[in-house]
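Participant: Have a look at this prediction, sequence included:
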Amino acid sequence: EGQSRQSWLLGRRAGAAAMVVKTDTCSYSGLRIYPGHGIFYVRADQKSFKFLNRKSKSQFLQRLNPRKIAWTQLYRRMHKKGTMEESARKKTRKVNKANTKPVVGMSLDVIKAKRSQKPEVRAAAREAALREVKERNKAKQAAKKAEQKTKAPPAKAQMPKGGNKPKASNKPKGVRR
């Protein structure tokens, strides 16, 4: 028997396929529950919970928060325990450099030429373009005003001050019975 056990261990180390076991997770602790183990609890509202052991079930029924119990997975996740390997991987991520691509209506050469311009030249060109737009808008406003003056609305006939209101009676106002 000792010989077969050694060969079995060697076979396991050599990369033989391991048997897959379906496990559940504990509703309280987050630990794995293997087949044949654990407690299945169904609450009065038909919600079911699977616990690893009586300790987990007891703490769940006492309404103790698993985030405050040091041995639970929720506590470990909250306090970043055992995540050193993951954080080391995240830090060594490659940063992509932005490549210059041509845009619709502009070739790559034009974009590079604009990028290499001095900021003063670029600012002057921008100001000139803004001035041109403002002048165009002013011309539009002036044209609108001139059009409105030529197209004067007809004068309203004034109503007499009294109007067509019925004359107020001298009866006292209040509840009529």
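Facilitator: In hand now; what should we look at? Numbers count the residues shown, from 1 in each chain.

Participant: now the strands for this structure?
Facilitator: 24-25, 32-33, 39-42, 48-51 (DSSP state E).

Participant: Per-residue pLDDT of Ala139, please?
Facilitator: Ala139 is assigned 92 on the pLDDT scale.

Participant: distance of the spatially closest residue to Phe49 that is not a sequence neighbour from Ile39?
Facilitator: Spatial nearest neighbour of Phe49, chain neighbours left out: Ser27 (4.0 Å); criterion: Cβ to Cβ, 6 or more residues apart in numbering. Quick note: C-beta positions are derived from backbone N, CA and C, even for glycine. Separation of Ser27 from Ile39 (Cβ to Cβ, to the nearest Å) stands at 10 Å.

Participant: And for Lys112?
Facilitator: Taking Cβ to Cβ, one finds Lys112 at 70 Å from Ile39.

Participant: Between the two, which is the more surrounded one?
Facilitator: Remark: of Lys112 and Ile39, Ile39 carries more neighbours, 14 against 11, as counted by other Cβ atoms under 10 Å.

Participant: For Phe49, see how far away the more buried one is.
Facilitator: For Ile39, the distance to Phe49 - Cβ to Cβ - is 9 Å.
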